[in-house]
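Colleague: prediction below, plus the sequence it came from.
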Amino acid sequence: RANVQLSAPILSRFDLFFVVLDECDDVADYNVAKHIVDVHRCDEAVVDPPFTQDQMLRYIRFARTLNPQITEESRRVLIDCYRKLRQGDTMGRSRTA
(Lines give C-alpha, C1' and ligand atoms only; values in the text may rest on other atoms or scores of the structure.)
Protein backbone atom coordinates (compact mmCIF):
# COMPACT_ATOMS: atom_id res chain seq x y z
CA ARG A 1 0.00 0.00 0.00
CA ALA A 2 2.99 2.29 -0.01
CA ASN A 3 3.43 4.84 -2.76
CA VAL A 4 6.39 4.50 -5.05
CA GLN A 5 9.16 6.83 -3.97
CA LEU A 6 10.31 8.78 -7.01
CA SER A 7 12.66 11.73 -7.12
CA ALA A 8 11.37 15.26 -7.84
CA PRO A 9 12.97 15.41 -11.33
CA ILE A 10 11.19 12.20 -12.32
CA LEU A 11 7.88 13.29 -10.79
CA SER A 12 7.99 16.62 -12.62
CA ARG A 13 7.76 14.81 -15.96
CA PHE A 14 4.26 13.54 -15.29
CA ASP A 15 1.02 15.54 -15.22
CA LEU A 16 -1.11 13.04 -13.32
CA PHE A 17 -0.52 10.25 -10.83
CA PHE A 18 -2.98 7.56 -9.90
CA VAL A 19 -2.50 5.46 -6.80
CA VAL A 20 -3.63 1.90 -7.36
CA LEU A 21 -4.22 -0.28 -4.34
CA ASP A 22 -3.63 -3.96 -4.91
CA GLU A 23 -5.71 -5.64 -2.25
CA CYS A 24 -5.16 -9.38 -1.88
CA ASP A 25 -8.47 -11.20 -2.17
CA ASP A 26 -8.50 -14.88 -3.09
CA VAL A 27 -11.97 -14.79 -4.67
CA ALA A 28 -11.31 -11.63 -6.71
CA ASP A 29 -7.86 -12.88 -7.78
CA TYR A 30 -9.36 -16.20 -8.92
CA ASN A 31 -12.10 -14.44 -10.90
CA VAL A 32 -9.64 -12.08 -12.60
CA ALA A 33 -7.27 -14.92 -13.52
CA LYS A 34 -10.15 -17.06 -14.82
CA HIS A 35 -11.46 -14.17 -16.93
CA ILE A 36 -8.02 -13.49 -18.45
CA VAL A 37 -7.53 -17.17 -19.32
CA ASP A 38 -11.05 -17.44 -20.78
CA VAL A 39 -10.62 -14.32 -22.91
CA HIS A 40 -7.31 -15.55 -24.29
CA ARG A 41 -8.91 -18.89 -25.11
CA CYS A 42 -11.38 -16.89 -27.26
CA ASP A 43 -14.33 -17.94 -25.14
CA GLU A 44 -17.11 -15.73 -26.57
CA ALA A 45 -19.33 -16.28 -23.52
CA VAL A 46 -17.02 -14.26 -21.24
CA VAL A 47 -16.95 -11.20 -23.51
CA ASP A 48 -20.29 -9.42 -23.35
CA PRO A 49 -19.77 -5.80 -24.44
CA PRO A 50 -22.51 -3.36 -23.39
CA PHE A 51 -22.69 -1.82 -26.90
CA THR A 52 -22.69 -3.30 -30.37
CA GLN A 53 -19.98 -2.39 -32.85
CA ASP A 54 -22.54 -0.42 -34.86
CA GLN A 55 -23.56 1.58 -31.77
CA MET A 56 -19.91 2.39 -31.04
CA LEU A 57 -19.26 3.48 -34.62
CA ARG A 58 -22.37 5.72 -34.57
CA TYR A 59 -21.23 7.26 -31.26
CA ILE A 60 -17.71 7.92 -32.61
CA ARG A 61 -19.14 9.55 -35.74
CA PHE A 62 -21.36 11.74 -33.53
CA ALA A 63 -18.51 12.64 -31.15
CA ARG A 64 -16.38 13.78 -34.09
CA THR A 65 -19.04 16.37 -34.98
CA LEU A 66 -18.67 18.10 -31.62
CA ASN A 67 -16.39 21.10 -31.29
CA PRO A 68 -16.10 21.94 -27.58
CA GLN A 69 -14.92 25.45 -26.74
CA ILE A 70 -13.18 26.66 -23.58
CA THR A 71 -14.01 30.11 -22.29
CA GLU A 72 -11.31 32.74 -21.96
CA GLU A 73 -11.81 32.80 -18.18
CA SER A 74 -11.38 29.01 -17.97
CA ARG A 75 -8.27 29.27 -20.12
CA ARG A 76 -6.75 31.83 -17.75
CA VAL A 77 -7.57 29.72 -14.68
CA LEU A 78 -6.00 26.60 -16.19
CA ILE A 79 -2.87 28.47 -17.23
CA ASP A 80 -2.52 30.05 -13.79
CA CYS A 81 -2.98 26.72 -11.99
CA TYR A 82 -0.44 25.03 -14.22
CA ARG A 83 2.05 27.86 -13.69
CA LYS A 84 1.65 27.58 -9.90
CA LEU A 85 2.02 23.83 -10.09
CA ARG A 86 5.27 24.15 -12.03
CA GLN A 87 6.58 26.79 -9.59
CA GLY A 88 5.99 24.30 -6.78
CA ASP A 89 8.12 21.77 -8.67
CA THR A 90 11.09 24.09 -8.82
CA MET A 91 10.82 24.75 -5.09
CA GLY A 92 10.60 21.04 -4.23
CA ARG A 93 7.01 21.22 -3.00
CA SER A 94 4.55 18.39 -3.32
CA ARG A 95 2.34 18.28 -6.40
CA THR A 96 -0.73 17.08 -4.55
CA ALA A 97 -3.73 19.37 -4.46
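Modeller: Structure received.
Colleague: just for the chain, where's the confidence low?
Modeller: Per-residue confidence for the chain (pLDDT under 70) gives these ranges: 1-4, 43-46, 89-97.
Colleague: which strand or helix spans the spatially most central residue of it?
Modeller: For the chain, the residue nearest the mean C-alpha position is residue 18 (7.4 Å; Cα atoms, centre = their mean). Of the helices and strands defined by DSSP states H and E, none includes residue 18.
Colleague: how about residue 64?
Modeller: Per DSSP H and E, residue 64 falls inside helix 53-65.
Colleague: which helix or strand contains residue 15?
Modeller: Using DSSP H and E, residue 15 sits in no helix or strand.
Colleague: give the contact list for it.
Modeller: If you count contacts by Cβ atoms under 8 Å, 6 or more residues apart in numbering, residue 15 has none. Glycine gets a C-beta too; all of them are placed from N, C-alpha and C.
Colleague: which one is residue 86 nearest to, not counting chain neighbours?
Modeller: For residue 86, ignoring the flanking residues on the chain, the nearest one in space by Cβ to Cβ, 6 or more residues apart in numbering is residue 12 at 8.0 Å.
Colleague: sorry, back to before: next one: the helix holding residue 64 to chain centre, how far?
Modeller: Its chain's C-alpha centre and that of helix 53-65 lie 22 Å apart, by Cα atoms, centre = their mean, to the nearest Å.
Colleague: and for stretch 38-56?
Modeller: Centroid displacement of stretch 38-56 relative to its chain, using Cα atoms, centre = their mean, is 22 Å.
Colleague: report the buried residues of it.
Modeller: Under the neighbour-count criterion of 16 or more other Cβ atoms under 10 Å, stretch 38-56 has nothing buried.
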